[in-house]
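1. here is a sequence with its predicted model. Questions after.
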Amino acid sequence: MNHVGTQKLETERLILRRYTAEDARQMFDHWAGDDEVTRYLTWPTHANVGVTEWVVDDWVKRYEQPDYYHWGLELKATGELIGDIAVVRIIEPVLEAELGWCMGRAWWGNGYMPEAARAVLKVLFDEVGFNRVCAAHDVENPKSGRVMQKIGMTLEGVHRQAGRNNRGIVDHAVYAILKRDFT
């Protein structure tokens, strides 16, 4: 594998970039402080912007690691930070990465996350050398599954009571795409 770390990526409408300390306020206001956004996530809603500042500071420090992949999603048109996409787990022996993402409610349903995820897949397959990229969602959150379908992932099955998020222990729908199937 050729780990390249979190590089700046651009799509038609987005800039995928590293977080900076200045991003904490927008992150808190746009998604981290919103119970509706965090309902299906594995981390709790941030109680205040101080929590978000601490989290962002930790992420910024991790950018020194070449196998750390974590992007803030910035709208080109406005410069607003609207969401997040990251590799949340790597299993090197099988060349696998797992993706996780979230986005502020104001931007749901506009196709931004599939657009960002396709750019991330291209880097993970073409530059880093992963063979498989997977993602999972709470079965009660089918919108996340639609993102997985839109980027070419295939449903591999439902793992019963295999996940934990802010709703408790949940069933997970598991999706994946292989490098040979990515177009």
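-> All right, it came through fine.
2. which residues in this structure form helices?
-> With helices called from DSSP state H, the chain shows them at 24-27, 35-38, 49-62, 112-122, 142-150.
3. could you dump those helices to a markdown table with mean neighbour count?
-> Using the backbone N, CA and C atoms, a C-beta is placed for each residue, glycine as well. A markdown table is the format used below for the helices of the chain (neighbours: other CB atoms under 10 Å):
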| stretch | mean neighbour count |
| --- | --- |
| helix 24-27 | 20 |
| helix 35-38 | 14 |
| helix 49-62 | 16 |
| helix 112-122 | 20 |
| helix 142-150 | 17 |
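4. per-residue pLDDT, residue 183?
-> Looking at residue 183, its pLDDT reads 79.
5. nearest residue to it in space, please, no chain neighbours.
-> Spatial nearest neighbour of residue 183, chain neighbours left out: residue 152 (7.0 Å); criterion: CB to CB, 6 or more residues apart in numbering.
6. since we're on the one you found, how many residues are nearby?
-> 18 (other CB atoms under 10 Å).
7. residue 100 now?
-> By the measure other CB under 10 Å, the count of residues near residue 100 is 18.
8. ok, now which ones touch the closest residue to it other than its chain neighbours?
-> Spatial nearest neighbour of residue 100, excluding adjacent residues (CB to CB, 6+ apart): residue 88 at 4.1 Å. By CB atoms under 8 Å, 6 or more residues apart in numbering, the residues touching residue 88 are 98-100.
9. contact partners for the closest residue to residue 25 other than its chain neighbours?
-> Take residue 25 and drop its neighbours on the chain: the residue closest to it by CB to CB, 6+ apart is residue 49, 5.9 Å away. If you count contacts by CB under 8 Å, 6+ apart, residue 49 has them with 24-25, 28, 33.
10. pLDDT weak spots in the chain?
-> Judged by pLDDT under 70, the chain has no weakly predicted residues.
11. how close does the residue nearest to residue 183 get to residue 167?
-> Distance from residue 152 to residue 167, counting by CB to CB, to the nearest Å: 28 Å.
12. ok, residue 177 next?
-> Distance, residue 177 to residue 167, using CB to CB: 26 Å.
13. which residues of the protein fall in strands?
-> In the chain, the strands defined using DSSP state E lie at 9-10, 14-17, 70-75, 81-91, 96-103, 132-138, 154-165, 168-178.
14. list the contacts of the longest one.
-> Where contact means CB under 8 Å, 6+ apart, the residues beyond strand 154-165 that reach it are 39-42, 134, 136, 138-139, 145, 148-149, 169-177, 181.
15. using ChimeraX, define a selection of the buried residues within those residues.
-> One line in ChimeraX is enough to select the buried ones among the contacts of strand 154-165; burial here means 16 or more other CB atoms under 10 Å:
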select :40,41,134,136,138,139,145,148,170,172,173,174,175,176,177
